[in-house]
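J.: Pasted the sequence and its predicted model underneath.
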Amino acid sequence: MIPVALDPARLAIGLAGDGPAAARRHRLLVAAGAAPIAVSTAPGATLPRLDLLWIADLPPARAAALAAAARAAGALVNVEDQADLCDFRNAAELRRGDLLIAVTTGGQSPGLAGRIRDHIGTLFGPEWAERLAALGARRRDWRAAGHDLPELARRTEAALAEAGWLA
């Protein structure tokens, strides 16, 4: 697995399916700042140009055909709970403003990933959204003052220690 954070504003993101898993995925994508494109699940329907496609709540044969068509058109594909059809896995997400903590088990145990995410959520509450915003503003000021990356790291560590946030 390669962990990455993608900017949804730079990507064409599709979602195919109509059911509870698709609705959940839609909510997660919107929470991440995406505007998912609804993709028709009808056989032979024209696919829009996509970078990523999530497929959920489709019969296995239809999901496999749609995944193959999307992949042939250059999109990376995730089919809900069908690891053999996935180019990438979904992580269990914890969001606190722009702070994103993701946990994955490589598809082996999504339930475990969710439990770990929930435990981490007890350590990083909603206050972390404001903490990150404040620290981000300070970092922008430090960069504008011309500090290099090692100095930015040192100042970040000092600010965290001063605030006692990760003590």
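T.: Yes, it's here.
J.: Give me the pLDDT for D87.
T.: With respect to pLDDT, D87 has a value of 96.
J.: Tell me if it really is in a helix.
T.: No: counting by DSSP: H, G, I helix; E, B strand; the rest coil, D87 is not found in a helix; it is coil.
J.: what's around the nearest residue to A129 once chain neighbours are set aside, how many residues?
T.: Excluding the flanking residues, the one nearest A129 by CB to CB, 6 or more residues apart in numbering is G97, at 2.9 Å. Glycine gets a C-beta too; all of them are placed from N, C-alpha and C. Neighbour count for G97, taken as other CB atoms under 10 Å: 14.
J.: likewise A45?
T.: Neighbours around A45, by other CB under 10 Å: 12.
J.: Can you pull the phi/psi pair for it?
T.: phi -60, psi 150 (degrees, to the nearest 10).
J.: Now the residue nearest to L85 when sequence neighbours are not counted: phi and psi?
T.: Spatial nearest neighbour of L85, chain neighbours left out: V79 (4.0 Å); criterion: CB to CB, 6+ apart. Note on V79: backbone dihedrals following degrees, to the nearest 10 are phi -110, psi 120.
J.: Show me the beta-bridge partners of V79.
T.: As for beta bridges, V79 partners with I55 under DSSP bridges.
J.: helices or strands up against the lengthiest helix in the chain?
T.: Counting by DSSP state H, the longest helix found in the chain is helix 127-144. Secondary-structure packing of helix 127-144 (3 or more CB pairs under 8 Å, 6 or more residues apart in numbering; DSSP states H and E): strand 92-96, strand 99-103, helix 149-163.
J.: Specify the residue positioned farthest from the middle of the protein.
T.: In the chain, the residue that sits farthest from the middle, by CA atoms, centre = their mean, is A145; the gap is 32.2 Å.
J.: Now that residue. Its backbone dihedrals?
T.: Per degrees, to the nearest 10, the backbone of A145 is at phi -80, psi 0.
J.: Check what pLDDT it gets.
T.: pLDDT, A145: 98.
J.: And I2, by the same measure?
T.: On pLDDT, I2 comes in at 86.
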